[in-house]
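Peer 1: coords below, sequence missing:
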């Protein structure tokens, strides 16, 4: 398992691995939004939580097809399925690698983008915390979508259609948490729901994703 | 004799062929009857004649949710007991459910315009129906995208399972996110909030009609799917020989 | 004692049985070569034995975790070096180190090269060297000699001979003669599934609805 994690991380940082791409995408989204809606009148700070969360979600979505597609193409997935690792474990490790490569950088750099979007200082801590709690669920659900579409030639667009509705609860609670933090309300309820969704996702979705992979390897 | 015998495609075709005309007739009678009766009811003292769209809106919304439930049950039967007809029935129900969702959304918008002064409001019920519609779209797109029927049945079954959990979660998340304008359940059992009998009976009839309509459409579509599969199977056998 | 036995096996491709009633045993130190025209079900049989797809009938008797499968694709990561590719699979399978495997397939000099700079034949050699680091007894090989030159085929035959001599076994789908005394052949044409019979347990939509 550790060897698989190391391999995936090493592949991500080597040439063509796409490390940092989603971070750059996140930055671009957050730069474009003020051009679209205007920067004055304090409206940016009002919509900043939503923009930041939607941006993080899209940045995460962008790199999902790499989770399994490359391994399926070069035959590694067949070999991993015959290896003495449970396929559920393989899914979990690959989702973890995806999170370390795309989710964690987003979490770390989000305060910077929060400043760009005039997010109130009080909400910064909640932004980081909500992304830290919520993005692992995004990676795991993405792994499920990637597992379902892995055998398809042009699965990318279809995968977005399958995965984005699954992101709705996480997005709602995550953005709500930041919004409440920004206006000084209690954030406990969305925090608990967000954490609950993430934990349940991490515990159950690997089984569904592994089942989908088995079907696609037949 | 067990109920599973109906999972045999030949038996299913024969039995559904006999009952189908009756269901179609019942659906036509109840739907048209319910809608006409509903149209002839007097205007509501608060909502005026706009209330009459309820006879279309509520049954469609009801069947939109029930169609997904039926798909969930059929998918589970397929994943657990591997009855092929069950998988095809789930596939057949999806477009019907999606159209029901669309009817509920559109009639809701038409009703909302005079009532709330806007075509679309990000109200929890409307929003969760929109999310449900997205789930239907994804499910149908997945069926279309996969060529091998066995893989397609398995993967869409899995998607239906996971999607059901998240559709339910979305429902509560959306509720939490925005307490809306939408009125409570139309057939609430709480006293004092009940619809008057004048509206209630045509609504019941219309609901029955939509249920039969759904049943008839799903049966017809399932029969078509079975025949398509049989055609594909015969071709595959010929290619192999 | 046989390392892998198959009893009355039926395997499926595209929702239809391709092979039925297959029986064979491969004892330790022996290799079996599968023959048969295209579409006879060689790849399907190997994937079924590897556990990548379920068998619809019959049983496969072999000790757990004793099978190493090598298909058409080599499972190499172009961005990793030859040595890194091998040591990854060695770590995943918990097998022996990659040194002997590298020298057996004459890859020692290429060890530090990234896999994307290798030629097709060199990649294939690396893919075959992977079998040695799995440390597993039963090798299932699907057309192992594709894109290998004569010298490399000889290298592979030597590696296979050493594996069999150390008590391993192999099932190989190939059309070339490896020149090994330990090899017997099995023609799959005889086990071709008969269409028309309605099986008790349909393998897929194509059998359930025909």
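Peer 2: Ah, there it is. Keep in mind the model is a prediction, meaning the values are calculated, not measured. Residues are numbered from 1 along each chain as shown, chains lettered A, B, ... in the order given.
Peer 1: ok, and the helix or strand in chain A with the lowest average confidence?
Peer 2: Least confident helix or strand, chain A: helix A:2-13 with a mean of 84, by mean pLDDT, DSSP states H and E.
Peer 1: and the helix or strand following that helix with helix A:2-13, angle?
Peer 2: Note on helix A:2-13: by DSSP states H and E, the next helix or strand toward the C-terminus is helix A:21-37. Going by axes from the mean of the first three to the mean of the last three CA atoms, to 10 degrees, helix A:21-37 is angled at 50 degrees with respect to helix A:2-13.
Peer 1: so for the helix or strand that helix A:21-37 is followed by, mean pLDDT?
Peer 2: As assigned by DSSP H and E, the chain's next helix or strand after helix A:21-37 is helix A:43-62. Helix A:43-62 carries an average pLDDT of 88.
Peer 1: number of nearby residues for the nearest residue to residue C:173 once chain neighbours are set aside?
Peer 2: Distance criterion CB to CB, 6 or more residues apart in numbering or on different chains; nearest residue to residue C:173, sequence neighbours excluded, is residue C:42 at 4.0 Å. Quick note: C-beta positions are derived from backbone N, CA and C, even for glycine. Using other CB atoms under 10 Å in any protein chain shown, residue C:42 has 23 neighbouring residues.
Peer 1: again with the one 4 residues further on
Peer 2: Using other CB under 10 Å, residue C:46 has 23 other residues around it.
Peer 1: wait, what's in contact with it?
Peer 2: C:34, C:69, C:71, C:140, C:141, C:142, C:171, C:173 (CB atoms under 8 Å, 6 or more residues apart in numbering or on different chains).
Peer 1: among those residues, which ones are in strands?
Peer 2: Using DSSP state E, C:34, C:69, C:140, C:141, C:142, C:171, C:173 are the members of the contacts of residue C:46 that sit in strands.
Peer 1: identify the bridge partners of the last one.
Peer 2: Read that as residue C:173. residue C:34, residue C:142 (DSSP bridges).
Peer 1: thought residue C:139 was touching it, still the case?
Peer 2: No - using CB atoms under 8 Å, residue C:173 is not in contact with residue C:139; the gap is 11.6 Å.
Peer 1: in chain A, what residue comes closest to chain C?
Peer 2: For chain A and chain C, the shortest gap (CB to the nearest CB) falls at residue A:75, measuring 2.7 Å.
Peer 1: just give me the neighbour total for the residue nearest to that residue when sequence neighbours are not counted.
Peer 2: Nearest residue to residue A:75, sequence neighbours excluded (CB to CB, 6+ apart): residue C:73, at 2.7 Å. A count of neighbours around residue C:73, defined by other CB under 10 Å, yields 17.
Peer 1: which of the three states applies to residue C:73?
Peer 2: Secondary structure, DSSP: H, G, I helix; E, B strand; the rest coil: residue C:73 is coil.
Peer 1: for it, list the residues it contacts.
Peer 2: Residue C:73 neighbours (CB under 8 Å, 6+ apart): A:73, A:74, A:75, A:78.
Peer 1: now for the closest residue to residue C:52 other than its chain neighbours: which residues touch it?
Peer 2: Nearest residue to residue C:52 in three dimensions, chain neighbours excluded: residue A:217, at 5.1 Å (CB to CB, 6+ apart). Contact partners of residue A:217, counting by CB under 8 Å, 6+ apart, are A:77, A:78, A:81, C:52, C:53.
Peer 1: likewise for residue C:138?
Peer 2: C:3, C:4, C:26, C:62, C:66, C:67, C:68, C:168, C:169, C:170, C:171.
Peer 1: repeat that with 10 Å
Peer 2: When contacts are counted by CB atoms under 10 Å, 6 or more residues apart in numbering or on different chains, residue C:138 is found next to C:3-4, C:26, C:28, C:49-50, C:62-63, C:66-69, C:168-171.
Peer 1: from these, pick the one nearest residue C:187.
Peer 2: In terms of CB to CB, no member of those lies closer to residue C:187 than residue C:171, at 13.8 Å.
Peer 1: longest helix anywhere in chain B?
Peer 2: helix B:197-240 (DSSP state H).
Peer 1: worst-scoring helix or strand of chain C, pLDDT-wise?
Peer 2: Per-SSE averages on chain C (mean pLDDT, DSSP H and E): minimum helix C:205-208, a mean of 82.
Peer 1: count of neighbours near the closest residue to residue B:151 other than its chain neighbours?
Peer 2: What sits nearest to residue B:151 in space, not counting adjacent residues and going by CB to CB, 6+ apart, is residue A:215, at 5.3 Å. Here the number of neighbours of residue A:215 (other CB under 10 Å) works out to 23.
Peer 1: now swap in residue B:35 and tell me
Peer 2: 19.
Peer 1: which helix or strand contains it?
Peer 2: Counting by DSSP H and E, residue B:35 is found in helix B:9-40.
Peer 1: do residue B:95 as well
Peer 2: Going by DSSP H and E, residue B:95 is in helix B:84-116.
Peer 1: do that helix and chain A meet at all?
Peer 2: No - under the criterion of CB under 10 Å from any CB of the partner chain, helix B:84-116 makes no contact with chain A; the nearest approach is 12.7 Å.
Peer 1: check which residues of that helix are buried.
Peer 2: Within helix B:84-116, the residues scored as buried using 16 or more other CB atoms under 10 Å in any protein chain shown are B:84-101, B:103-105, B:107-108, B:111-112, B:115.
Peer 1: can you name the residues of chain C that neighbour chain B?
Peer 2: So chain C meets chain B at C:12-18, C:39, C:192-196, C:201-210 (CB under 10 Å from any CB).
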